[in-house]
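J.: with the input below, show me the fold.
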Amino acid sequence: MDLQSFLCWRVAPLFLLMPCGLRCLTVHVLNEEPVHVIPGSSLVLSAQIEQGPLEEVSMITWERVPETGRAPERVTLATCPGRSLQCAGTRPNVHVNTKQQETTLQINGYSRADGGVYAVTVTDNAGTKTTAHCIVREYEAVHHVSLSINVSHSSLVCGEAWGTDPKFSWLYERAAITQTVGQVSRDGTTLVLSMNPICGHFTCLVSNKLGYSSATYSAGPCETEGRGTPAAVVCLVVLLLLFGALLAFLLWRRHRRNNRRERLHNHLDDAI
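T.: Down below sits the predicted model:
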């Protein structure tokens, strides 16, 4: 056995015992899951591939399976074989781009059927496969907003059925909440009331990218301080108007009587 063969037999086992950072290939999806997509828009998933100096990517595969179900059917969306990693989608609206140790899947015209668990599998030159997963769901509009009162804690609680990324806001008598009315919790779902007694109309508004919905809680009518003042002012105005009308009537009668006396006096003078 010559020296070169001897070194090959001695060095080869050392490569197998090298740390994973030198010979292992990993992949992970960059999107935060679950990914919510509005129907009709584009789904874009990106994955980063990390490989050691001794590794070479020979195949990238994008697949999808239903999120639930006993026997999920795996659907191949795109494959990128060979050193050039030229990707081919299985449908016209599926596109894959691979460059600089990153692969991106794009599905145009997303529909509800496109939801599920997406898997990107990277195969190295030794046939070892590494897979990363990402859950994709449809972006849902807000539905069925409800509003209830917790009397013992002097608070109002707002709930929403299944909307994606709901944002909560509050109104009191169609105006923004002030400190005299209460304080909204960090997640926006609870309004802790500081007013006493609780009265008026409270509205919880829930919104997201697809629209909004609201619910209103109506407490008893509020008693305004000095409530009798407006009524007293009205009565005073009415009395002043009546007094003015009476005074005008008396002046008119007096003026009319004086005119009659003058006409009678002139008539007597003419007769003499």
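
J.: where along the stretch 1-150 of the chain do the strands fall?
T.: Under the criterion DSSP state E, counting those that start in this stretch, strands of the stretch 1-150 of the chain are mapped to 25-29, 35-37, 43-51, 57-65, 75-81, 88-89, 94-99, 102-107, 116-124, 129-138, 146-150.

J.: for the third one, which strands pair with it and how are they oriented?
T.: So the one you mean is strand 43-51. Using DSSP bridges, strand 43-51 pairs in its sheet with strand 25-29 (antiparallel), strand 102-107 (antiparallel).

J.: for the shortest one, same thing?
T.: Within its sheet, strand 88-89 is paired with strand 75-81 (antiparallel), according to DSSP bridges.

J.: how about the partner strand as PDB, C-alpha atoms only?
T.: Extracted as PDB, the C-alpha positions of strand 75-81 are listed here (Å, rounded to 0.1, in the frame of the first residue of the first chain):
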ATOM      1  CA  VAL A  75     -48.700  17.600  -2.400                       C
ATOM      2  CA  THR A  76     -45.500  18.400  -4.100                       C
ATOM      3  CA  LEU A  77     -45.400  22.100  -5.100                       C
ATOM      4  CA  ALA A  78     -42.000  22.500  -6.600                       C
ATOM      5  CA  THR A  79     -38.600  20.700  -7.000                       C
ATOM      6  CA  CYS A  80     -35.200  22.100  -7.600                       C
ATOM      7  CA  PRO A  81     -32.700  19.300  -8.600                       C
END
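
J.: comparing the strands paired with strand 43-51, which comes out most buried?
T.: Taking mean count of other C-beta atoms under 10 Å as the contact definition, the stretch among the strands paired with strand 43-51 with the greatest mean neighbour count is strand 102-107, which reaches a mean of 20. Quick note: C-beta positions are derived from backbone N, CA and C, even for glycine.

J.: contacts made by that one with the rest, please.
T.: Judged by C-beta atoms under 8 Å, 6 or more residues apart in numbering, the contacts made with strand 102-107 from elsewhere in the structure are 42-49, 60, 62, 77-78, 80, 87, 93-98, 114, 118, 120.

J.: once you drop chain neighbours, what's closest to Gln86?
T.: Spatially, and ignoring its direct neighbours in sequence, Gln86 is nearest to Cys80 (6.7 Å; C-beta to C-beta, 6 or more residues apart in numbering).

J.: that neighbour: neighbouring residues, count only.
T.: The tally of other residues near Cys80 (other C-beta atoms under 10 Å) stands at 20.

J.: from what I can see it touches Ser58, true?
T.: No. Under the criterion of C-beta atoms under 8 Å, Cys80 is not in contact with Ser58, lying 9.7 Å apart.

J.: partners of the helix or strand that Val157 is a member of in the sheet?
T.: Counting by DSSP states H and E, the secondary-structure element that holds Val157 is strand 155-159. Paired strands of strand 155-159, with direction, are strand 146-150 (antiparallel), strand 190-193 (antiparallel) (DSSP bridges).

J.: do you know which of the strands paired with strand 43-51 lies nearest Leu236?
T.: In terms of C-beta to C-beta, the element of the strands paired with strand 43-51 nearest to Leu236 is strand 102-107, at 74.9 Å.
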